[in-house]
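>>> Build me a model from this:
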Amino acid sequence: TKKEMRILAKHEAHAVHCPTSNQKLACGGTLSYPAMIEAGVDVRLGTDGAASNNSLDMRSESKAASLVQRHDHWDARILDPIETWKLATKGSTDWITWNLDDIRMRPIGRDNRRILANTIYSGGDVLDVFVGGEAIRRNGKTLTIDESKACKDIEDAAIDYYSEI
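A predicted model of the protein is given here:
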């Protein structure tokens, strides 16, 4: 309600928009971004976790956030690429890089908005990921785990699980 939004704003609480989780769990609706912003609430973007989203992909969540808000409010101007990018990265110290040689990521035109729009709506493969200053992924390869072993372990666990059902 508007009263609850004013309370959130007064106490500087953060509201987290998790559109994919809201849709998957059929929770009865999504966060009203325009109303929250108008009330002065600090809105962030989240995935709500892999169990309720099937993904931790913030690019996909950014696209979902923009599209669901535009749909819910019948306004294609809500959460444009710049605002969506800010929502997705607000308060973050982590960063990622993309291959700008990918034709989808080239800044063509009068401004660089295409890069943000393509990152949010159809971004290419992520090359590098840094979390807390530590490289987690470089040049498209995960550094912190053995991906082949992890995939095999997951497959083995799934086979064991389903063989008992």
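
>>> Tell me which residue is most central in this protein.
What sits nearest the mean C-alpha location of the chain, by CA atoms, centre = their mean, is residue 58, with 2.2 Å.

>>> Could you measure from that residue over to residue 28?
24 Å (CB to CB, to the nearest Å). C-beta coordinates here come from the backbone N, C-alpha and C atoms, glycine included.

>>> And for residue 82?
Counting by CB to CB, the gap from residue 82 to residue 28 is 30 Å.

>>> out of these two, which sits in the busier spot?
Higher neighbour count among residue 82 and residue 28: residue 82, with 13 against 6, using other CB atoms under 10 Å.

>>> The residue nearest to the centre of the chain contacts residue 90, doesn't it?
No: counting by CB atoms under 8 Å, residue 58 stays clear of residue 90, with 11.5 Å between them.

>>> Next, show the common contact partners of these two.
residue 45 (CB atoms under 8 Å, 6 or more residues apart in numbering).

>>> Quick check: beta-bridge partners of residue 130?
residue 95, residue 135 (DSSP bridges).

>>> ok so, going back, and the residue nearest to the centre of the chain, its phi and psi?
With angles defined as degrees, to the nearest 10, residue 58 sits at phi -70, psi -20.

>>> where are the low-confidence patches of the chain?
Flagging of the chain using pLDDT under 70 yields the residue ranges 92-115, 118, 121-125.

>>> now do 80
28, 91-127, 140, 165 (pLDDT under 80).

>>> Which stretches in it count as strands?
Under the criterion DSSP state E, the chain contains strands at 14-17, 42-45, 95-98, 126-131, 134-138, 141-142.

>>> Report all helices and strands that the last one contacts.
Right, strand 141-142. Of the remaining helices and strands, none touches strand 141-142 by 3 or more CB pairs under 8 Å, 6 or more residues apart in numbering; DSSP states H and E.

>>> Name every strand pairing with it and say which way it goes.
Using DSSP bridges, the strands paired with strand 141-142 are strand 134-138 (antiparallel).

>>> chain center to the partner strand: distance?
Offset of strand 134-138 from its chain centre (CA atoms, centre = their mean, to the nearest Å): 19 Å.
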